[in-house]
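**Student:** Turn this into a structure:
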Amino acid sequence: MKLKPCQQCGRCCETLPCALAPEDLPRIAEYLGLTEEQLFKTCLVLDCVESSQYRNCYVAPARKNSLVGTIVEAGWTFEGSPCIFLQEGKCSIHKVKPKGGREFHCSLMTSTNANQIGYNKKESAQDWTKTNMISQLVTLVEASEKENTVKSSRTHVSTLGSSFTTLPTT
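**Tutor:** Got it, this is the predicted structure:
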């Protein structure tokens, strides 16, 4: 298959989430001037590959309508919302784009007029299981969810308390 250079048109980033390899996380974080944790909390999500035998997670760029730093729901892959890194029709991290993006060859690049996915989410999930980073990210998600639940409870209690202070006194 003969490949043409990437046209950087952003079409693939409009609908297809690409998968990060474990080595992508520190490269992208450094490029953006963030820690890996900050990058995850502001730009990435965990998605899972499931079969009857296993459930493995991998890291992907969030979509513009996703809750960043979370584990996304089943079917997220098919939502069709643009990648969070797609800015003005261009990949804002093109110089350090994830392996899934580097190895994706769209029909504009191939002589067969068909998309070719070189590094898919199943391969990514397998690579992530070989590291301890995925368990750290899951722990980070769980801690964040717990913190948000506590904040939500405090806000609810605070709102209730303020409404009682506005009641007329007799």
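**Student:** Now do the strands in this structure.
**Tutor:** In the chain, the strands defined using DSSP state E lie at 44-50, 55-61, 86-87, 90-91, 104-105, 116-117.
**Student:** Please give the number of neighbouring residues around residue 136.
**Tutor:** The number of residues packed near residue 136 is 13, by other C-beta atoms under 10 Å. For glycine as for every other residue, the C-beta is placed from the backbone atoms N, C-alpha and C.
**Student:** related to what we said a few turns ago, which among the strands of the chain is found nearest to residue 142?
**Tutor:** With C-beta to C-beta, the closest approach to residue 142 among these belongs to strand 44-50: 10.9 Å.
**Student:** For that closest one, list every residue counted as buried.
**Tutor:** Using 16 or more other C-beta atoms under 10 Å as the test for burial, strand 44-50 gives 44, 45, 46, 47, 48, 49.
**Student:** Count residues in the vicinity of the closest residue to the fifth one other than its chain neighbours, would you?
**Tutor:** Read that as residue 48. Closest residue in space to residue 48, ignoring its immediate chain neighbours: residue 57 at 4.8 Å, by C-beta to C-beta, 6 or more residues apart in numbering. The number of residues packed near residue 57 is 23, by other C-beta under 10 Å.
**Student:** Save the strands of the chain as a markdown table, and put in mean pLDDT too.
**Tutor:** A markdown table is the format used below for those (pLDDT from 0 to 100):
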| stretch | mean pLDDT |
| --- | --- |
| strand 44-50 | 88 |
| strand 55-61 | 89 |
| strand 86-87 | 89 |
| strand 90-91 | 86 |
| strand 104-105 | 69 |
| strand 116-117 | 62 |
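**Student:** if we compare those, which one ends up closest to residue 77?
**Tutor:** Nearest of those to residue 77, taken as C-beta to C-beta: strand 44-50 at 6.7 Å.
**Student:** Restricting to C-alpha, output the closest one in PDB.
**Tutor:** Output of strand 44-50 as PDB, limited to C-alpha atoms (Å, rounded to 0.1, in the frame of the first residue of the first chain):
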ATOM      1  CA  LEU A  44      -7.800  12.500  28.400                       C
ATOM      2  CA  VAL A  45     -10.200   9.700  29.300                       C
ATOM      3  CA  LEU A  46     -10.000   6.000  30.000                       C
ATOM      4  CA  ASP A  47     -11.900   3.700  27.700                       C
ATOM      5  CA  CYS A  48     -12.200   0.000  28.100                       C
ATOM      6  CA  VAL A  49     -12.000  -3.000  25.800                       C
ATOM      7  CA  GLU A  50     -14.200  -5.800  27.000                       C
END
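**Student:** That strand packs against which elements?
**Tutor:** Contact analysis of strand 44-50 by 3 or more C-beta pairs under 8 Å, 6 or more residues apart in numbering; DSSP states H and E lists strand 55-61, helix 121-129, helix 133-165 as its packing neighbours.
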